[in-house]
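**Q** The following block contains a protein sequence and its predicted model.
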Amino acid sequence: MRELFRRLKQCMSDGEDVVLVTIIAHSGSTPRGAGSRMLVNRHGRIHGTIGGGAVEYLAQSMAGEALREKKSCVKGFNLTPNQVEDVGMICGGKVNVHFQYIAATDPGIMPFIDRVLRLFDRDEDAWLITEIGDESTARMALYSKSEGLSGLGLGPEDLERLLACRSKGIEAGSKRYYAEPIVLAGRVIIFGGGHIAQELVPVIAHVGFRCVVIDDRPEFASPELFPMAERAIVGDFSRIADSVSITENDYVVVVTRGHNHDYAVQEQVLRGRFAYIGVVGSRAKIAQTSARLREAGIPQDVIDIIHTPIGTAIKAETPAELAISIAGELIMVRAERRGR
């Protein structure tokens with residue numbers, strides 16, 4: 001999403017009108033769900049996807065019409081087997097797509113984009129809210145807890161309903177609104193800067209995770225080794241609070257160079273709050289570490305929260321394969337937290 005708004009800003013700077021194409025509702029089996037977006041200019045799609053295939057092809061054509069007419073609209077697509085002739089696909093579902101015309105001459109659009117991009121640099125939940133309709137100019141708003149709502153005149157009760165509806169939209173008066181979380185608070189805090197971390201950071205940074213790497217060896221906690229990490233910290237595994245404050249929104253990945261370091265990190269993390277913890281380990285290591293954690297006073301139901309062996313079960317062996325496995329699990333947990 002960050003890159004989409006960067007591309008949108010570039011188009012606005014170049015004086016180029018665009019259409020933001022968004023799936024605002026779906027049912028049944030569809031290539032992509034609500035919240036999928038793509039950006040279209042007069043040449044076609046320039047960023048993002050709503051699932052490819054015939055739907056995306058037709059959507060690009062309709063986006064071209066919206067550009068020429070300088071007008072937003074909503075279009076439904078049928079993907080059901082008995083209506084194959086509609087879009088030439090047999091996925092077995094339906095999607096509603098919003099085509100939002102955004103004019104480069106709109107004086108409010110650049111400040112809005114700048115605020116979106118600033119929110120990506122904060123550790124705070126934020127939502128993009130869109131007024132669905134046939135307006136000739138972009139009508140979007142942002143909501144974050146620290147700054148509240150700006151851009152649309154929704155009342156507190158309607159805003160609460162909208163944020164609770166998990167990307168389904170609401171009717172408020174004569175208007176319809178759609179909300180999508182664009183920033184979900186939380187970082188991936190990786191303990192251990194070895195081969196797995198070096199493969200993992202570029203993968204998860206590419207899919208929108210903010211990364212922090214901690215190692216007690218300076219050569220394995222350098223910004224040069226982790227250019228895509230938010231921070232690389234030299235820290236003591238036995239005193240992790242000196243290096244980082246872990247919150248209920250953070251994902252903890254434990255991949256240190258030894259069992260004792262792994263245990264020390266887990267024992268401290270499990271006494272606090274977090275969104276996820278995953279640890280590399282064999283069955284023997286898991287059993288041994290679990291016993292030590294129980295002896296340290298960690299309840300079994302808390303120990304059971306640990307994702308270990310870490311990652312999705314794809315028979316990964318190499319550091320690169322393990323990085324893909326861990327990334328898959330992190331994506332799944334993030335999606336569940338977003339209500340998808």
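**A** Now that the structure is in, tell me what you want to look at. No experiment lies behind these values; they were computed from the predicted model shown. Residues are numbered from 1 along each chain as shown.

**Q** Please count neighbours and contacts with C-alpha atoms only from this point.
**A** Noted.

**Q** what about the closest residue in space to residue 312 that isn't next to it in sequence, how many neighbours?
**A** Leaving aside its sequence neighbours, residue 312 sits nearest to residue 325 (C-alpha to C-alpha, 6 or more residues apart in numbering; 5.0 Å). For residue 325, the neighbour count with other C-alpha atoms under 10 Å is 20.

**Q** Doesn't residue 325 belong to a helix?
**A** Yes: Residue 325 sits within a helix when classified using DSSP: H, G, I helix; E, B strand; the rest coil.

**Q** What separation do you get for it and residue 67?
**A** To residue 67, residue 325 is 41 Å away according to C-alpha to C-alpha, to the nearest Å.

**Q** Likewise for residue 153?
**A** 26 Å.

**Q** One more: residue 300?
**A** 59 Å.

**Q** what's near enough to touch the residue nearest to residue 312?
**A** Neighbour list for residue 325: 310, 311, 312, 313, 314, 316 [criterion: C-alpha atoms under 8 Å, 6 or more residues apart in numbering].

**Q** check contacts around the closest residue in space to the second one that isn't next to it in sequence.
**A** This means residue 311. Ranked by C-alpha to C-alpha, 6+ apart and with sequence neighbours excluded, the top spatial neighbour of residue 311 is residue 326, at 4.0 Å. Shown in contact with residue 326 (C-alpha under 8 Å, 6+ apart): 200, 310, 311, 312.

**Q** in the stretch 51-200 of the chain, which spans are strands?
**A** Shown for the stretch 51-200 of the chain, the strands assigned by DSSP state E, counting those that start in this stretch span residues 73-78, 93-102, 126-132, 140-144, 148-150, 170-172, 175-183, 188-191.

**Q** Pairing partners for the fifth one, with directions?
**A** Using DSSP bridges, the strands paired with strand 148-150 are strand 140-144 (antiparallel).

**Q** Using CSV, list the CA coordinates for the strand it pairs with.
**A** Output of strand 140-144 as CSV, limited to C-alpha atoms (Å, rounded to 0.1, in the frame of the first residue of the first chain):
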residue,chain,number,x,y,z
MET,A,140,-11.1,9.9,1.0
ALA,A,141,-10.4,10.2,4.7
LEU,A,142,-7.9,9.0,7.2
TYR,A,143,-8.4,7.8,10.7
SER,A,144,-5.8,7.2,13.4
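
**Q** Pull the residues that contact it.
**A** With C-alpha under 8 Å, 6+ apart as the contact definition, strand 140-144 has outside contacts at 116, 124-131, 148-152.

**Q** Go through the residues you listed and give me the one with the most neighbours.
**A** residue 129 (26 neighbours).

**Q** just for the protein, where's the confidence low?
**A** By pLDDT under 70, the low-scoring segments of the chain are 26-34, 79-93, 133-138, 166-169, 171, 173-174, 339-340.
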